[in-house]
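In: sequence first, predicted model second:
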Number of protein chains: 2
Amino acid sequence: MQTVSVRQVLSGDVAAGTKVTVQGWVRTRRDSKAGFSFIHLNDGSCFANLQLVASKDLPNYEEGILKLTSGASLSCIGEVVESKGRGQSLEIQAESIEVLGLVEDPDTYPIQPKQHSFEFLRTVAHLRPRTNTFGAVTRVRHAAARAVHEFFDQHGYYWVNTPIITASDAEGAGEMFRVSTLDLANLPRNDKGEIDFHQDFFGRETFLTVSGQLNVEAFCLAMSKVYTFGPTFRAENSNTTRHLAEFWMVEPEVAFADLEDLAALAENFLKFVFARVLERCGEDMAFFAERIEPEAINRLEALVNSDFVQMDYAEAVRILQASGKKFEYAPEWGVDLQTEHERFLTEQHCKAPVVVKNYPTEIKAFYMRLNDGGETVAAMDVLAPGIGEIIGGSQREERLDVLSRRMSEHGLDPSTYQWFLDLRRYGTVPHAGFGLGFERLLNYITGLGNIRDVIPYPRTPGSAPF
Amino acid sequence: MQTVSVRQVLSGDVAAGTKVTVQGWVRTRRDSKAGFSFIHLNDGSCFANLQLVASKDLPNYEEGILKLTSGASLSCIGEVVESKGRGQSLEIQAESIEVLGLVEDPDTYPIQPKQHSFEFLRTVAHLRPRTNTFGAVTRVRHAAARAVHEFFDQHGYYWVNTPIITASDAEGAGEMFRVSTLDLANLPRNDKGEIDFHQDFFGRETFLTVSGQLNVEAFCLAMSKVYTFGPTFRAENSNTTRHLAEFWMVEPEVAFADLEDLAALAENFLKFVFARVLERCGEDMAFFAERIEPEAINRLEALVNSDFVQMDYAEAVRILQASGKKFEYAPEWGVDLQTEHERFLTEQHCKAPVVVKNYPTEIKAFYMRLNDGGETVAAMDVLAPGIGEIIGGSQREERLDVLSRRMSEHGLDPSTYQWFLDLRRYGTVPHAGFGLGFERLLNYITGLGNIRDVIPYPRTPGSAPF
């Protein structure tokens, strides 16, 4: 006999009349006066529950089935039948139900069949995948990650996993976590009394990476089209809805490309990922639209069908200044755009996703390509309605002399970046890339406002219980 | 006009007679007496080079084309034509060649067009993707990773990314790297003079994960079928061909499954991944078979077409003892199998991949399911000809009382694992999972003997230059 998932039954993969085994966890049990119990079973394979109909004539009805509470696990053999009840088209007429695991003290079980606060659920992250919301998040996260790999594979990109432990600071962009095997109780010291990192595991100070970009450029300048998709880290002491100490980044890097090519890549990429999630996670997205963010589906569909607007940073500032709108921070050339500015541009002015290009040199990273005149660099941000910036990227400075000068200006030690300069010394080419925070993308897709609710195990400064 | 990759041209995607742009890096340049230069161009899209034929009549022939050395980059416009020379069917008749980047001091360029030692290439990891071997490794790594995700997606598994920074030690299996933001020069101390980890970023001691298994079990007991594919870390001070401080692991975890189900999963998984790599990376695999390991293709094909043999550990020991073969370590019940034992079983005795099951309790981890009698646990190792163990897994101990007792015996602090015990307290079910070191898999696929040659950036104790 076939063991099938709830998804297989409900999607009609299994013909009515077939005898099957289904397994999962009880969401609810309702007992009718007519001597039947209706058990809603979830196995995580899809959003919906499968209804099992168990008659009081089953031998373990009193001793087993009537003890099933929310969260209990079971294995059921039965026939797939057309449902007479409302809310489902197919159900299982149970021939036997084996109770696999009960819930110890059901009254204190953290995942009661009722609505829980997100704050509470973060404290029981090991159990929250058993809720509707976090089951849906898990499936959407999977579908989005699949779409990321699928998109790049179809477009001839190779996945490269850049180092997690690194000796260099990719951007000077964030605080870093130190990685060490030194014995803190007995730190080795050198002649000068300084901590002797020569005795640390890698013979020098090492940290968790803040971005794979610099490392992936080396592969870009050999394989032409590459991308990273891996964890990155920021030790920022920020307990906000937008910061994570540990998060996943998607970073494509493409050779023989300029800022125009990169903007097109970002547009195609976002449209592909959103279309795939809508296609593969219809039920989950319907749930998010119903319970979390009414626009969750509409805004993804709108983006998929939109043409992205492109404008220079200078034009964006002019538009903001001319808007007559009172912003908390006055828009001004030379100052980075705030979320309020980004959202005005994309939601009210353009009513479409916007790619803002060519930012002031002063406010951007050393590796971005200097435009003629030197006032701006070939950087871009992609802004989406409802969230603002979702992608940031740039054409890279491929000219050895310009890059060396820019690094000096930023006070970077050339000896640490010798290998990075080498890439410009040997067959340099124009190249460009962007970075996308995967959790931020998932915030946008699901409509969930807190970034800790789209990562499997949330942690905050002061708390990493797992 | 179309910009196309070398792969697109050589695979026949572009019809002869089409005018295209191709871009890449020079591998070699040969000048004929008849006034033509033949440039072999590589762009990383495939193993083979594309031949460009440049006539001395091109305006920049003397000043540009004759200065192209190995590693220089260019952009070429030309017509795809049938090749008259040997070794390729199609080539490009160049109409123009733009030199993008020359090689500074070609005589000292590290990647000369000759064979380099792997030891040397590890010291120039940022340039080694420009060699035949490491281009091929990058493409095979990509194809294998794609196959991992594809296999699990097709079989209804969801990808879960478990925490990299963790407060728990998954197995007690390996030395861990500490992750900290404490100022080493001024370590905070508590009343007792001990280092005060309450002041560290997460309010406690944290480390880099050695395995995502424990964390992914929580998702398994809600979603039924899940897997991790992410980086893991071991701070072992071993500079061998088999150890990495940072490596990627694949860890499926499946509910309602026992050891038999797991063995079948491992067999199907390996066959799928190998078949996909053979299918997608024919040229690269041919290179590995020609230059690295003559059996590289044969042994993958043999495995795909084999039936895995299953036997108990006890039987394996009996076979080894009865073999009459002189091993360095005498096989004995209660002692783990050595690689020499594993290879004898799979290469000589069974002449097929072997799944060894039910190992002595003493030599296995606390979370593996205790078999009746208690002498063995439901663990398995998959052994493959040519390498030995390639996968290790087990059914998990799903019984709360047994697991609690086993943890006490191992001296583990229950308070750290409260959440892990919860999974057995609330709707526990039989479940099982395995772990596969992705780099070890790639060693097997490529035939490369050193694990540092299948990871993009190799690092050793004492050296992490990037």
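Out: Perfect, thanks for sending it.
In: every contact and neighbour count from this point should use C-alpha atoms.
Out: Will do.
In: for A:W25, phi and psi?
Out: The phi/psi pair for A:W25 (degrees, to the nearest 10) reads phi -120, psi 140.
In: ok, it touching A:C76?
Out: No: the criterion here is Cα atoms under 8 Å, and A:W25 misses it with A:C76 at 10.9 Å.
In: in terms of neighbours, single out the busier of the two.
Out: Neighbours per residue, other Cα atoms under 10 Å in any protein chain shown: of A:W25 and A:C76, the larger number sits with A:W25, 32 against 22.
In: how far away is that one from A:F287?
Out: Between A:W25 and A:F287 the computed distance is 20 Å (Cα to Cα, to the nearest Å).
In: hey, where'd the strands end up in the stretch 101-250 of chain A?
Out: A:158-159, A:165-166, A:178-180, A:206-208, A:225-233, A:246-255 (DSSP state E, counting those that start in this stretch).
In: need the residues that contact the helix or strand following the last one.
Out: Proceeding C-terminally, strand A:246-255 gives way to helix A:259-280 as the next helix or strand, assigned by DSSP states H and E. If you take Cα atoms under 8 Å, 6 or more residues apart in numbering or on different chains as the criterion, helix A:259-280 is touched by A:140, A:143-144, A:147-148, A:151, A:285, A:297, A:300-301, A:303-304, A:308, A:355, A:378-380, A:382, A:391, A:393-395, A:432-434, A:445.
In: please identify the most buried of the strands of the stretch 101-250 of chain A.
Out: Comparing the strands of the stretch 101-250 of chain A by mean neighbour count (mean count of other Cα atoms under 10 Å in any protein chain shown), strand A:158-159 ranks first with a mean of 28.
In: so which other helices or strands are in contact with that strand?
Out: In this structure, strand A:158-159 makes packing contacts with strand A:225-233, helix B:132-154, judged by 3 or more Cα pairs under 8 Å, 6 or more residues apart in numbering or on different chains; DSSP states H and E.
In: what's the angle between the first one and helix B:132-154?
Out: Spelled out, that is strand A:225-233. Interaxial angle, strand A:225-233 versus helix B:132-154 (axes from the mean of the first three to the mean of the last three Cα atoms, to 10 degrees): 70 degrees.
In: show me what strand A:225-233 is in contact with.
Out: A:152, A:156-162, A:164, A:176-177, A:208-213, A:216, A:219-220, A:244-255, B:164, B:230.
In: which parts of chain A are helices?
Out: A:6-10, A:118-123, A:132-154, A:213-223, A:259-280, A:282-291, A:296-304, A:313-322, A:339-343, A:400-409, A:418-425, A:438-446 (DSSP state H).
In: quick check, the first one touching chain B?
Out: No: Helix A:6-10 lies out of reach of chain B by Cα under 8 Å from any Cα of the partner chain, never closer than 9.4 Å.
In: tell me which residues in that helix are buried?
Out: Of the residues in helix A:6-10, A:V6, A:R7, A:Q8, A:V9, A:L10 count as buried by neighbour count, 16 or more other Cα atoms under 10 Å in any protein chain shown.
In: then stretch A:143-159?
Out: A:143-153, A:156-159.
In: bridging residues for A:T3?
Out: Per DSSP bridges, the residues bridged to A:T3 are A:T21.
In: list the contacts of it.
Out: A:T3 sits next to A:V20, A:T21, A:V22 when contact means Cα under 8 Å, 6+ apart.
In: quick one, domains of chain A?
Out: A:6-101, A:130-173+A:210-453 (the TED database).
In: could the ones you listed go into JSON lines alongside distance to B:T133 and mean pLDDT?
Out: JSON lines is the format used below for those (distance: least, Cα to Cα, whole Å; pLDDT from 0 to 100):
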{"stretch": "domain A:6-101", "distance to B:T133": "41", "mean pLDDT": "96"}
{"stretch": "domain A:130-173+A:210-453", "distance to B:T133": "12", "mean pLDDT": "96"}
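In: okay, now the residue of the stretch 251-400 of chain A found nearest chain B: neighbour count?
Out: In the stretch 251-400 of chain A, the residue that lies nearest chain B is A:F256 (7.3 Å; Cα to the nearest Cα). If you count neighbours by other Cα under 10 Å, A:F256 ends up with 21.
In: and A:N298, by the same measure?
Out: 11.
In: try A:H142
Out: 22.
In: can you tell me which of the contacts of A:T3 has the most neighbours?
Out: Within the contacts of A:T3, most neighbours by other Cα under 10 Å means A:V22, with 26 neighbours.
In: just checking, that one touches A:C76?
Out: Yes: here A:V22 reaches A:C76: they are 5.3 Å apart, a contact under Cα under 8 Å.
In: for stretch A:327-336, buried residues please.
Out: A:P331, A:G334, A:D336.
In: tell me how far the first one lies from A:P59.
Out: Looking back up the chat, that one is A:P331. Distance, A:P331 to A:P59, by Cα to Cα: 73 Å.
In: state the distance from A:V26 to chain B.
Out: 9 Å (Cα to the nearest Cα, to the nearest Å).
In: list the residues that contact that residue.
Out: The contact partners of A:V26, by Cα under 8 Å, 6+ apart, come to A:I39, A:H40, A:L41, A:N42, A:L68, A:T69, A:S70, A:G71, A:A72, A:S73, A:L74.
In: skipping its backbone neighbours, what lies nearest A:P360 in space?
Out: A:T376 (4.3 Å; Cα to Cα, 6 or more residues apart in numbering or on different chains).
In: what's near enough to touch the one you found?
Out: A:N358, A:Y359, A:P360, A:T361, A:E362, A:L370.
In: JSON lines please, covering these and showing neighbour count.
Out: JSON lines is the format used below for these (neighbours: other Cα atoms under 10 Å in any protein chain shown):
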{"residue": "A:N358", "neighbour count": "24"}
{"residue": "A:Y359", "neighbour count": "26"}
{"residue": "A:P360", "neighbour count": "21"}
{"residue": "A:T361", "neighbour count": "19"}
{"residue": "A:E362", "neighbour count": "14"}
{"residue": "A:L370", "neighbour count": "24"}
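In: which of those fall within strands?
Out: Using DSSP state E, the subset of the contacts of A:T376 located in strands is A:N358, A:Y359, A:P360.
In: got the residues of the stretch 1-150 of chain A near chain B?
Out: A:23-25, A:43-45, A:71-73, A:100-104, A:109, A:126-127, A:129-130, A:135, A:138-139, A:142, A:146, A:149.
In: ok so, going back, what's the distance between the residue nearest to A:P360 and A:R399?
Out: Computed with Cα to Cα, the distance linking A:T376 and A:R399 is 16 Å.
In: for A:A94, same thing?
Out: According to Cα to Cα, A:A94 stands 71 Å off from A:R399.
In: what's the answer for A:E91, then?
Out: Distance from A:E91 to A:R399, by Cα to Cα: 66 Å.
In: neighbour count for those two, which is higher?
Out: Counted by other Cα under 10 Å, A:E91 and A:R399 do not tie: A:E91 has more neighbours, with 25 against 18.
In: quick one, what contacts the more buried one?
Out: Contacts of A:E91 by Cα under 8 Å, 6+ apart are A:L50, A:Q51, A:L52, A:V53, A:V80, A:V81, A:E82, A:S83.
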